[in-house]
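Asks: Have a look; sequence and predicted model below, questions after that.
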Amino acid sequence: MQWLENLDVQLLLWINDHHSSFFDALFWFFSGRLTLVPLYLFILILSWKFFTRKKLIYSILAVSLLVSASDLISTRLIKENVKRYRPSHHLELQNKLRYHCETPKDCYRGGTYGFVSSHASNIATFGVFFILLFKHLKWLQIVLGLVVFLVGYSRIYLGVHYPSDVLGGYILGFTLSSLGVYLLKRKFPDDKQIKDR
């Protein structure tokens with residue numbers, strides 16, 4: 001267990017230490033709450049194009065409920081009970097990390113507790129949900145998989161989460177989205193999911 005904790009810390013420090021102005025801007029962008037709104041709208045348009053009206057409504061309701069559940073579980077249930085300090089709030093680590101700073105005195109460090117990462121959980125819930133639904137669009141699966149990875153990686157890069165925080169978030173998101181798609185496919189078998197083209 002100690003070996004895994006040390007690996008977690010060393011991987012965090014290695015990722016956080018490899019900075020450049022380009023990656024600083026890139027990962028701050030992918031860590032933003034509203035950054036992916038265009039992607040959400042694009043997925044909505046694709047869903048409207050490929051799904052029947054009933055399937056579209058159920059899909060939107062399902063992913064909305066799942067992401068809300070992800071945020072609630074990760075924030076209220078897990079973080080508040082596990083109470084694992086973020087590396088940016090860890091007394092021995094916080095001064096070894098580099099942060100995104102608007103000014104020298106205004107640096108982003110996140111909330112107090114970090115396990116599991118809500119960013120990672122929420123984007124994994126959304127991304128995996130549509131990866132599983134759009135199996136016929138391989139390019140979209142690649143894009144969504146890349147976005148899920150970049151959002152999670154950005155949290156480590158910015159020094160506000162351990163890799164295990166992100167991994168835990170991914171597991172939670174994957175579990176919720178898989179359950180949601182399973183229930184959705186029981187109501188809409190494969191031959192009824194996609195409009196005739």
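Replies: Right, received. Where do you want to start?
Asks: before we move on, which element is the closest residue to Ser117 other than its chain neighbours in?
Replies: Nearest in space to Ser117, with sequence neighbours left out and distances taken as C-beta to C-beta, 6 or more residues apart in numbering, is Gly169 at 3.8 Å. Yep, even glycine has a C-beta here, placed from its N, CA and C like the rest. If you go by DSSP states H and E, Gly169 is part of helix 163-187.
Asks: That helix packs against which elements?
Replies: With contacts defined as 3 or more C-beta pairs under 8 Å, 6 or more residues apart in numbering; DSSP states H and E, helix 163-187 has these neighbours: helix 2-17, helix 53-72, helix 118-133, helix 138-157.
Asks: now the last one: how far from the chain's centre is it?
Replies: Looking back up the chat, that one is helix 138-157. 8 Å (C-alpha atoms, centre = their mean, to the nearest Å).
Asks: Sort out which residues of it are buried, please.
Replies: 140-141, 143-144, 147-157 (16 or more other C-beta atoms under 10 Å).
Asks: Between these, which sits nearest Leu91?
Replies: Nearest to Leu91, judged by C-beta to C-beta, of the buried residues of helix 138-157 is Ile156 at 19.4 Å.
Asks: is it true that the closest one touches Tyr162?
Replies: Yes. With contact defined as C-beta atoms under 8 Å, Ile156 counts as touching Tyr162 (7.3 Å).
Asks: Could you pull out the residues contacting both of the two?
Replies: Contact criterion C-beta atoms under 8 Å, 6 or more residues apart in numbering; residues shared by Ile156 and Tyr162: Leu12.
Asks: For Thr103, give me phi and psi.
Replies: phi -140, psi 170 (degrees, to the nearest 10).
Asks: and it, what pLDDT?
Replies: At Thr103, the model reports a pLDDT of 86.
Asks: do the same with Leu150
Replies: pLDDT, Leu150: 97.
Asks: ditto for the one 4 residues further on
Replies: In the prediction, the pLDDT value recorded for Ser154 is 97.
Asks: if I look at it, how far off is Ile60?
Replies: Computed as C-beta to C-beta, to the nearest Å, the Ser154 to Ile60 distance reads 26 Å.
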